[in-house]
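In: here's a sequence, model it:
(one chain, ligands or ions: 1)
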Amino acid sequence: MKLEELKLQHFRNYQDLDVTFGSGVNVLLGENAQGKTNLLEAIYFLALARSHRTSNDRELISWEADTAQVYGRVLKHSGNTPLELTLSKHGKKAKVNHLEQAKLSDYVGQLNVILFAPEDLSLVKGSPQGRRRFMDMEFGQMSHKYLYDIAQYRTILKQRNRYLKELGNKQQSDMVLLDVLSDQLANYGASIINARLNLLKRLEVWAAQVHNEISQEKETLVFRYETAVKAADLSDTQHIYEALKQGYQDRREKELFQRTTLIGPHRDDLKFIVNGKDVASFGSQGQQRTTALSVKLAEINLMYEQTGEYPVLLLDDVLSELDDSRQTHLLTAIQDKVQTFLTTPSLSGVAQKLIHQPTVFNISNGQIQTDA
Ligand SMILES: Nc1ncnc2c1ncn2[C@@H]1O[C@H](COP(=O)(O)OP(=O)(O)OP(=O)(O)O)[C@@H](O)[C@H]1O
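Out: The predicted structure is shown next:
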């Protein structure tokens, strides 16, 4: 899929922008604080109806305005799809084909993006929370059901934790409501774990292949999903569901004492094993970077496999963080098939690694000029 046109009104430092993009590599060139990342953020926002930089949507609206609008025309095999998001203090409105969507989960998935920013290089070494977020953002774009299950899971988890806090304050505890919430949570939790395992299995195949290539066949990469859920068969949702319920049962006293839910997908983690060792603990910085890059590149293939379309790739100042051979690998992998948006303060080193000339946009103070 390709993002052919983007219009922004009062989005960050863009007051009124209408730009058409190339179908290959689009370079967003400019000095610091001119609006390069803001433009990537707008594309990410158009895809996921949320920013990758802030959870406060208000920050996306230009300081001197009350409403922001992001419009995009996406070209897919099925034809042109206009997407529109309006942000105001009353919330977000999302339209697909000019029709307002009742739920944001119905909107997400029309434009698929993969964002690669310097922070992603810490996917491997960073917090488990970052890796869970990574799974949820990526898999949510590929599966409506996953997105729905995650939303339901979060809501019920909040209710259950609130109830555990209330119970902790009482002498006499009523467990009936807790059991109902546990049952609902186990239901969505089992679906999430099952979906994660299935998608990770596919992602692992692609990531292992890329990692092997980048390391010149010196390293093997495998994934390990870590969960405290003791299901006899983790490929069976019913088994996971029962194991989750058993898990709550076994931890009842502890949960009442700690007043929070101690088991489930919100506590799980993903480990990357290179040559038999956890790369977060034992890998060199280079191996960790190769792993992060392999996982990101693998996502492109997974998304294609799952949706029949290549996603749009957003590279936020990531080239400067990679050495020459990893840069070459990245740029070779994307050419010709993946529409890419790449921010950089300088063109040197980029153009000669690309077979086709990129489309270059000069960005200055929220204005864009295309190189002739
Ligand atoms: N809500 C907003 N309204 C108006 N301007 C904003 C808003 N939010 C951020 N800005 C401005 O956007 C600019 C930052 O743009 P951006 O983050 O895209 O920088 P950049 O071009 O990617 O630079 P760098 O290379 O340093 O990351 C700053 O000048 C900031 O003041």
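In: going by C-alpha atoms from here, please, whenever you check contacts or count neighbours.
Out: Will do.
In: max-length helix in the chain?
Out: Secondary structure of the chain per DSSP state H: the longest helix is helix 176-214.
In: tell me the helix or strand right after that helix.
Out: Using DSSP states H and E, the helix or strand that follows helix 176-214 in sequence is strand 221-226.
In: pLDDT of that following strand, averaged?
Out: Mean per-residue pLDDT for strand 221-226: 97.
In: equivalent analysis for stretch 57-66, please.
Out: 96.
In: gap between the two ends of it?
Out: Terminal residues of stretch 57-66 are spaced 12 Å apart (Cα to Cα, to the nearest Å).
In: can you give me the buried ones in that stretch?
Out: Residues of stretch 57-66 classed as buried: 57, 58, 60, 61, 62 (neighbour count, 16 or more other Cα atoms under 10 Å).
In: go on, stretch 343-351?
Out: 343, 344, 345, 350.
In: next step: these restricted to strands.
Out: Those of the buried residues of stretch 343-351 mapping onto strands are 343, 344, per DSSP state E.
In: check the buried residues of stretch 343-351 for the minimum pLDDT and say which it is.
Out: Lowest confidence among those: residue 350, with 80.
In: ok, it - contacts?
Out: For residue 350, the contact set (Cα atoms under 8 Å, 6 or more residues apart in numbering) is empty.
In: and it, how close does it get to the ligand?
Out: Distance, residue 350 to the ligand, by Cα to the nearest ligand atom, to the nearest Å: 16 Å.
In: same question, residue 117
Out: Distance of residue 117 to the ligand, computed by Cα to the nearest ligand atom: 11 Å.
In: returning to that earlier point: and the buried residues of stretch 57-66 near the ligand, which?
Out: For the ligand, the contacts drawn from the buried residues of stretch 57-66 by Cα under 6 Å from any ligand atom are 60, 61, 62.
In: what about the helices in the stretch 251-372 of the chain?
Out: 252-258, 279-282, 285-307, 324-334 (DSSP state H, counting those that start in this stretch).
In: can you redo those as TSV with distance to residue 49, mean pLDDT and mean neighbour count?
Out: Output for the helices of the stretch 251-372 of the chain, formatted as TSV (distance: least, Cα to Cα, whole Å; pLDDT from 0 to 100; neighbours: other Cα atoms under 10 Å):
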stretch	distance to residue 49	mean pLDDT	mean neighbour count
helix 252-258	34	94	15
helix 279-282	31	95	16
helix 285-307	19	92	21
helix 324-334	25	84	16
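In: closest one to the ligand out of the buried residues of stretch 57-66, please.
Out: residue 62 (3.4 Å; Cα to the nearest ligand atom).
In: surely that closest one and residue 8 touch.
Out: No - between residue 62 and residue 8 there is no contact under Cα atoms under 8 Å: 10.7 Å.
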